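Colleague: Model the structure of this input:
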Amino acid sequence: MVGTGFAGTCALWHLVQRLTDPDRLPSLPPSAIAITTVEQGPVNGPGYPYAQDNVQLAHRCNNEASTMGIHGNDFVDWMVESKPWLIRDHPEVVLETHPGIELGEWRPDNGEFYPRALFGMYLGQRFQEAVARARAHGIEVQQYTRHEAVDGCATKEGFSVSLRELDTDREFILDGFDRVLLSTGHWQAAAADGLSGHGGYIASPYPPVALKAAVADWIRSRGTRGERPCVFVQGMGPSGIDAIMTLCSDGEFTYTHDGHVASYQPATRTGEEPLHVVAGSRSGFFSPVRGPLADYELHHLTEESLAAIRRDHQGSLKVERILELLDKDLLRATGGAVGWNDVKNPRYRSAGEKLASDLRDSYTGNPVYTVLLKARRMRFYNQLEPGDKSVYDRLLDTHFIRTAVPMPAANAEKLLALMDAGILTTVRQGYDAPRPEVGDDGDFLITYRSDDGGRSTLRADGMVRATSQDFGMERHPSPFVQNLLRRGEIVPHEEGGYVTGGIALDARGGYRVMKRMGDVCVPSPHLAAYGSPVRFWQNEHNYAGAFVKAAEWVADEWLEAAAAAGSESAADNPGLVSNEIGG
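Modeller: Predicted coordinates for the structure are as follows:
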């Protein structure tokens, strides 16, 4: 298993459960199985998004606790089991989510959005428990932390993976894997805007300690020039919010008696002005606020209407007709107040005004969020014609993601408090804005749309890139992925000449990776992948539930392969059975 974050941990847990269930695999003893895991980080389980070095307390999960378990409601169950340990050794993760609570009275809440650091602890523990269970049943488990997969290829004996030990640069090869899971997580391509290498350009908000240190060092080296230091955060999604929270973490939020954010007080240092943070994106708005779904069922955009579109277009869907139906449902759900054009161009004068409105709606149910979320869950993207996929990816996906991937209410309250304190402002760059540039004096020049629709320029001392994932495989930073592409062990997903991004899976279903064999592509006998490496995953799948479903498929498929291999080996070599599974 290459990558042991949420996807890899989920797959390992379900695989071990099946391998150690005597009712599932009577023909193959667990001692005949070997599992190998590879992880670049120092520990298995959290992966990059939930690792202790990459999070701060203010970095919240964007999904309710009840939806994040690797099976059932396991995350909440784990918090209940771990309560004595958590309130003794990590009270901060409880108090961040439930400010002012008496720790002994804490009851894990299904609907709460807990710190990512807490979820990372959960994943780390469940990973090690799966390893312990596997070994207790005689399964060999090899763990390579602080190792990077750099190459791989199919051989006569199975699949071969080359690893590099990150602390020593030593490279070596592991051979003979029957199955390999590519669970490498999100990636961020190298910046294509010509800003890389500039001292004030921070390519990622993570790790947060490195972000704060880089910003502080850059501003200190430039001097104040008699002006308040300004940092531009490019991106207003979850990573952008994390960047804002990190940059403002020296200050302090105050709370009301019932746990809501009341105000923000910036840290004061003699002779220093508080940092001015400007967040910007194409739309200029943050995601909406999570809350209960409104009481509305889709009336126009239904499975029946999608089937009718497919009948009219040789089995494919047309995005224009989907938007027409979606517009009707939006208007019906909002009493004619909001249509699709209002989703693309929200009728708010500022991001703060929209945040406040979304926060109010989150208590009773936001009909716009409800309609968009239910539309996205219909998983129509994969059935679009290639040309319509291109239109969706270029022009529409940003609106679905921004509307259907909302933030916890606590984040909205903090953002509003930062605005009230004069620390945070926002700008709308527009969808045709030129890329940020560096001025003659080293400042960053960001073009944005002013209130009257004209173009204005913002000057910032530093800039943090917090934009979404780039799915272009040719720009993937991993040498492992690049070498797999070069060898044809994986291929970019392509339909009718349009390259969607991400890697191609078997179109017949499941999570087998496609590989190149001469002039054709066939399902790989070894490789599987799901989650971030797959482009349409983002467009069609819910978070934890989709990972669990995919992990179960992988575990079942590997179990069948192990059983088949075991039967063949037992017939050819009585008393000798050997299988290696890597992920």
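Colleague: how about the nearest residue to residue 393, chain neighbours excluded?
Modeller: The shortest distance from residue 393 to any non-neighbouring residue, by C-beta to C-beta, 6 or more residues apart in numbering, is to residue 500 (6.6 Å). Every C-beta, even on glycine, is put in place using the N, C-alpha and C of the backbone.
Colleague: show me where the stretch 201-350 of the chain has helices.
Modeller: Ranges of helices in the stretch 201-350 of the chain, per DSSP state H, counting those that start in this stretch, are 208-222, 238-247, 303-312, 319-333, 340-344.
Colleague: Now do the third one and helix 319-333, the angle between them.
Modeller: So the one you mean is helix 303-312. Here helix 303-312 runs at an angle of 160 degrees relative to helix 319-333 (axes from the mean of the first three to the mean of the last three C-alpha atoms, to 10 degrees).
Colleague: for helix 303-312, which positions count as buried?
Modeller: Using 16 or more other C-beta atoms under 10 Å as the test for burial, helix 303-312 gives 305-306, 309.
Colleague: go on, the first one?
Modeller: Buried residues in helix 208-222, defined by neighbour count with 16+ other C-beta under 10 Å: 208, 211-212, 214-215, 218-219, 222.
Colleague: Secondary structure element for the closest residue to residue 104 other than its chain neighbours, which one?
Modeller: Closest residue in space to residue 104, ignoring its immediate chain neighbours: residue 87 at 7.1 Å, by C-beta to C-beta, 6+ apart. In the assignment (DSSP states H and E), residue 87 maps to helix 74-89.
Colleague: Past that helix, which element shows up next along the chain?
Modeller: helix 91-97.
Colleague: which outside residues touch that following helix?
Modeller: With contact meaning C-beta atoms under 8 Å, 6 or more residues apart in numbering, helix 91-97 is reached by 57-58, 60, 86-87, 101, 103, 106, 112-115, 117-118, 121, 410.
Colleague: Return a ChimeraX selection command for the buried portion of those residues.
Modeller: In ChimeraX, a selection of the buried entries from the contacts of helix 91-97 looks like this (16+ other C-beta under 10 Å):
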select :57,58,60,86,87,106,112,113,114,115,117,118,121,410
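Colleague: Now flag whichever of the contacts of helix 91-97 is closest to residue 333.
Modeller: Closest approach to residue 333 among the contacts of helix 91-97 (C-beta to C-beta): residue 113, at 24.7 Å.
Colleague: residues contacting the nearest residue to that closest one once chain neighbours are set aside?
Modeller: Distance criterion C-beta to C-beta, 6+ apart; nearest residue to residue 113, sequence neighbours excluded, is residue 408 at 3.7 Å. Each residue near residue 408 by C-beta under 8 Å, 6+ apart is listed here: 60-62, 113, 289-290.
Colleague: and which of these is nearest to residue 341?
Modeller: Once C-beta to C-beta is applied, the member of the contacts of residue 408 that ends up nearest residue 341 is residue 289, at 21.9 Å.
Colleague: Show me the beta-bridge partners of the closest one.
Modeller: residue 407 (DSSP bridges).
Colleague: follow-up on the earlier one: which helices and strands sit right next to the helix holding residue 87?
Modeller: helix 91-97, helix 116-136 (3 or more C-beta pairs under 8 Å, 6 or more residues apart in numbering; DSSP states H and E).
Colleague: Appreciated, that's everything.
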